[in-house]
Each structure stands twice: as structure tokens, then as C-alpha cells.
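Please find the sequence and the predicted model below.
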Amino acid sequence: MYNMSMKHIHTDINIELALEHYIDIMLWTLKRSMSDDEVLDSKLTIHDVGTDFKEVSRTELESFIKENEADLLTWKHEEVSEQVGHDFWLTRNHYGSGFCDDEWNHEVGQRLTASARKFSRVIVMDCDGVIKRA
């Protein structure tokens, strides 16, 4: 039975670890400004991400995992929780990478990509050193 307050949705998918990697890849992919090539995570860490951002992201990850758990558990490589967080950010924000990569079974990757893209792109801003959704 799925419980939104559970840290582990399934024994193999840890929502806290997925969220940590979701935020890590978000920091890596986002630029501080259009004129500055400095990547956010060179200065900012997960501790600089606002509580609201984390909570909304956790809720979205939980929803995505609940809807796609069977496909996600087909992952045959390293830690599935890390990969889910990483690929969910990349796919939902149309980076051209993520669930469509060769590491996933082609059909599974297509289903996961379609599911992730049901979630809107995330616009992020740095408000005096605190990362928030725009």
C-alpha cells in the first residue's frame, strides 16, 4: 500500500535519496544568469534550496513514482532512487536526456518520458541565495 508520508515508496525507491539527486541535477543544470556562465551548484547546495521548493518537488516525485513504480523498478544499474531523481528533472524540463537515454529499456523509457512530461517545466530563481520556483 502506498502512503505519501512514507520515506520509502517501495523498498527499492527512497524518496529522500531521489529528491536529493533531483535537486543536485537541478543545481548542476541551471545557470545563474544569461550573461554569467557560472553553474549554480558551484556556490549553492541543497541547503540553499527553499523549503517550499523541496516540498513541492517531493510531492511531484512521489506522484511520479507512484504512477510509474513498476517501470522504474526495471532499472538494472546502480541505485534506482538516484537515477529516478536525476532523470525526472532532466526529462520534465526537456533537457534531451533522462528517461530517453539508452540505459533504460526503450519502451520503458518512452513511457517514463511521457509520464514525466505531464509535469510542467520548472522555472527556478535565486532570491538572495535561496533557490525558489518562479
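Noted; the coordinates are in hand.

By residue count, what's the longest helix in this protein?
When the chain is parsed with DSSP state H, its longest helix is helix 51-72.

pLDDT on the helix or strand that comes right after it, on average?
Per DSSP states H and E, the first helix or strand lying C-terminal to helix 51-72 is helix 80-92. Throughout helix 80-92, pLDDT has a mean value of 95.

what's next to helix 80-92, contact-wise?
12-15, 17-26, 29, 60-61, 64-65, 72-73, 75, 77, 95, 97-101, 103-104, 112-113, 116-117, 119-122 (CB atoms under 8 Å, 6 or more residues apart in numbering). C-betas here are computed from N, CA, C, even on glycine.

now stretch 106-118
Contacts for stretch 106-118 (CB under 8 Å, 6+ apart): 64, 67-68, 71-72, 74, 87-88, 91-92, 94, 98-101, 104.

Mind giving me the ChimeraX select for those, buried ones only?
ChimeraX command restricting the contacts of stretch 106-118 to the buried ones, with burial defined by 16 or more other CB atoms under 10 Å:
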select :64,68,71,72,87,88,91,92,98,99,100,104
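
In the contacts of stretch 106-118, find the pair that's most separated.
74 and 94 (23.2 Å; CB to CB).
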